[in-house]
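In: Pasting a predicted model and its sequence here:
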Number of protein chains: 2
Amino acid sequence: MGTVSKALSLLSLFNHGRLEIGLSDITRLSGMNKATVYRLMSELQAQGFVEQIGNDRAYRLGPEVLRLAALREATVPLLSVSQDILRQLCESTGETAHMSIVQGRQLNTLTHAYSPQHGTRVTMEDAEILSFHGTGSGLAFLSYAKEEFVDEILSQPLAVHTSQTQTDPQKLRAALAQARVLGIAESIGGFEADVHSHAAPIFGPDQRPIGALAVAAPMSRMTAQLKSRIRRELKAAALDLTQRIGGFCPPDYPQDQAA
Amino acid sequence: MGTVSKALSLLSLFNHGRLEIGLSDITRLSGMNKATVYRLMSELQAQGFVEQIGNDRAYRLGPEVLRLAALREATVPLLSVSQDILRQLCESTGETAHMSIVQGRQLNTLTHAYSPQHGTRVTMEDAEILSFHGTGSGLAFLSYAKEEFVDEILSQPLAVHTSQTQTDPQKLRAALAQARVLGIAESIGGFEADVHSHAAPIFGPDQRPIGALAVAAPMSRMTAQLKSRIRRELKAAALDLTQRIGGFCPPDYPQDQAA
DNA sequence: AACCAACGGTTCAAATAATGAACCAACAAC
DNA sequence: GTTGTTGGTTCATTATTTGAACCGTTGGTT
């Protein structure tokens, strides 16, 4: 691994539970030498990717990432288009909708929208890390991912999030096969208890999945009627998103049949 | 300059006019060796900071920057809070409002809001690079920036954007002094002809300016009445933003006097 | 006060990674 | 065919990165 990759990998230590990290913590988390980490962080800081704050001198992400994100959006308007689509989607389903993309071996939620329709709703955070085997989004992605990627994910130890988390690789593969038939994956309480999520994959310009669009509802509200509405709306929304960011569905993705 | 800084500096070659860049162009623009650039870009690509697309294999910014930006927002909600404030600001003034921050030696617009009130309006793009001497935002920042920074900016050759661009360092310093009295800077047609912009600095936790909030209107609409309304609203909005991101105005910033 | 542990930051010889001129293969224009 | 692009690759030389040990502070314990 080159020096640049090492430096950038330090950035991925930040997450929602760790928005600020001290030098020693970074050293421990990364397994690198303290002097190395210090020098790398200093370079990242000089370029505005992180900044140091407070009297404990902890590092946090810097303002430069905002500029890059604005430019990325100008190139591929994934976020703004998604927000548009999510707004419609949560309105037409009355439930929480969110969009996630895969970066490396991680599935990250990028943006979400709530429906004001119900008092209870599934709550979300942006930049949250989801599991592949426990969420509708993860399964939707895997159902059209490369074989090797699926193998890699399913051969690792699979975390148990709730009492209903499915961790049997064979049963998960069966779920993927079924998702390929419908073009929609679902997870019933696999990540958070009482949450039933549906998801459809989003595809990039190379006809490979880049992430997923999902609708999450409390299990108590999941009637057959709502289920079919969600599937219908979700498929249309995912297709729309794929097209509006310049992507293409693979030829074997079920398009026309009603879900 | 370390290897990491070199790699990250390649990212700053991207801007609105250059969303996608080929290997040879990057080589030319950066002045580095082609093999070096190739290796650095490969590492950036492996980490998702850039991606290669099309049959010309040009590079563009990658999805990883979105995740980092979402986390930065979770740490310091600059964007979301700004958008809130900009919406109010353009509503109360009836003109285009925008927010820019300084990153290195660059002033970048991060987000903006239009008022639906008038048919004609000043149009903006996010992630646009503004000049310090030609815009209200730039002057607002400089008026509270460190002496050395002001010297550095004003000692460089100053671009002429319009026939009304002020490029005399002495007159610009006078404008900064006046901005310090009001807490508001302005530029009349200095960046784009026919645009009159007002701006107020935004401060960080260390009482140093980090950027500016601005309102831009067509010169034809700029009556004394609108001017005083803009100044009043702008100062309140900038103060609000500063406080809501955990910043502090320096003691010498004029707070209470009406503008 | 004395002690200890943990913190951020620094040093420098040794080890490792970055560098760049030259090179390919592929494509396009002439 | 020639010439000039392009993206990508090679490898001996060179310069940078590395990490154990160090320093000065801070904050808690005894």
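Out: Thanks, I have the structure now.

In: Most proximal residue of the stretch 101-250 of chain A with respect to chain B?
Out: residue A:127 (3.7 Å; Cβ to the nearest Cβ). Every C-beta, even on glycine, is put in place using the N, C-alpha and C of the backbone.

In: so residue A:70 sits right up against residue B:110, yeah?
Out: Yes - Residue A:70 lies in contact with residue B:110 (Cβ atoms under 8 Å); the separation is 6.1 Å.

In: overlap in contacts of these two?
Out: Shared contacts of residue A:70 and residue B:110, defined by Cβ atoms under 8 Å, 6 or more residues apart in numbering or on different chains, are found at B:126, B:127.

In: Residue ranges in chain A under the pLDDT threshold?
Out: A:256-259 (pLDDT under 70).

In: In it, what residue lies closest to DNA strand C?
Out: The nearest approach of chain A to DNA strand C comes at residue A:22, 2.6 Å away (Cβ to the nearest atom of the strand).

In: residues near that residue, how many?
Out: When neighbours are defined as other Cβ atoms under 10 Å in any protein chain shown, residue A:22 has 14 of them.

In: Could you do the one 5 residues further on as well?
Out: For residue A:27, the neighbour count with other Cβ under 10 Å is 19.

In: who's in contact with it?
Out: So residue A:27 contacts A:33, A:34, A:37 (Cβ under 8 Å, 6+ apart).

In: doesn't residue A:202 fall inside a strand?
Out: Yes - counting by DSSP: H, G, I helix; E, B strand; the rest coil, residue A:202 is part of a strand.

In: Surely the residue of the stretch 101-250 of chain A closest to chain B is in contact with residue A:107?
Out: No - the criterion here is Cβ under 8 Å, and residue A:127 misses it with residue A:107 at 11.5 Å.

In: which of the residues in the helix ranked longest in chain A are buried?
Out: When chain A is parsed with DSSP state H, its longest helix is helix A:224-244. Neighbour-count burial for helix A:224-244, counted by 16 or more other Cβ atoms under 10 Å in any protein chain shown, picks out A:226-227, A:229-231, A:233-242.

In: Can you tell me which of these is nearest DNA strand D?
Out: Nearest member of the buried residues of helix A:224-244 to DNA strand D, counting by Cβ to the nearest atom of the strand, is residue A:242, at 25.1 Å.

In: From residue B:252, how far out is the closest one?
Out: Residue A:242 is 54 Å from residue B:252, where distance means Cβ to Cβ, to the nearest Å.

In: ok, now residue A:76?
Out: Taking Cβ to Cβ, one finds residue A:76 at 44 Å from residue B:252.

In: Who has more neighbours out of those two?
Out: Comparing residue A:76 with residue B:252 by other Cβ under 10 Å, the one with more neighbours is residue A:76, at 22 against 10.

In: show me the contacts for the residue lying closest to the more buried one once chain neighbours are set aside.
Out: Nearest residue to residue A:76, sequence neighbours excluded (Cβ to Cβ, 6 or more residues apart in numbering or on different chains): residue A:245, at 5.7 Å. By Cβ under 8 Å, 6+ apart, the residues touching residue A:245 are A:76, A:77, A:78, A:81, A:202, A:204.

In: What is the host helix or strand of residue A:174 packed up against?
Out: In this assignment (DSSP states H and E), residue A:174 forms part of helix A:169-182. Counting contacts by 3 or more Cβ pairs under 8 Å, 6 or more residues apart in numbering or on different chains; DSSP states H and E, helix A:169-182 packs against helix A:136-143, helix A:147-155, strand A:185-188.

In: Of the ones you listed, which stretch is the most buried?
Out: helix A:136-143 (a mean of 29; mean count of other Cβ atoms under 10 Å in any protein chain shown).

In: now the angle from it to helix A:147-155?
Out: 140 degrees (axes from the mean of the first three to the mean of the last three Cα atoms, to 10 degrees).

In: my guess is residue A:30 contacts residue A:38, does it?
Out: No - applying Cβ under 8 Å, one finds residue A:30 not in contact with residue A:38, separated by 11.6 Å.

In: more neighbours, those two?
Out: Neighbour totals were compared for residue A:30 and residue A:38, and residue A:30 leads with 18 against 14 (other Cβ under 10 Å).
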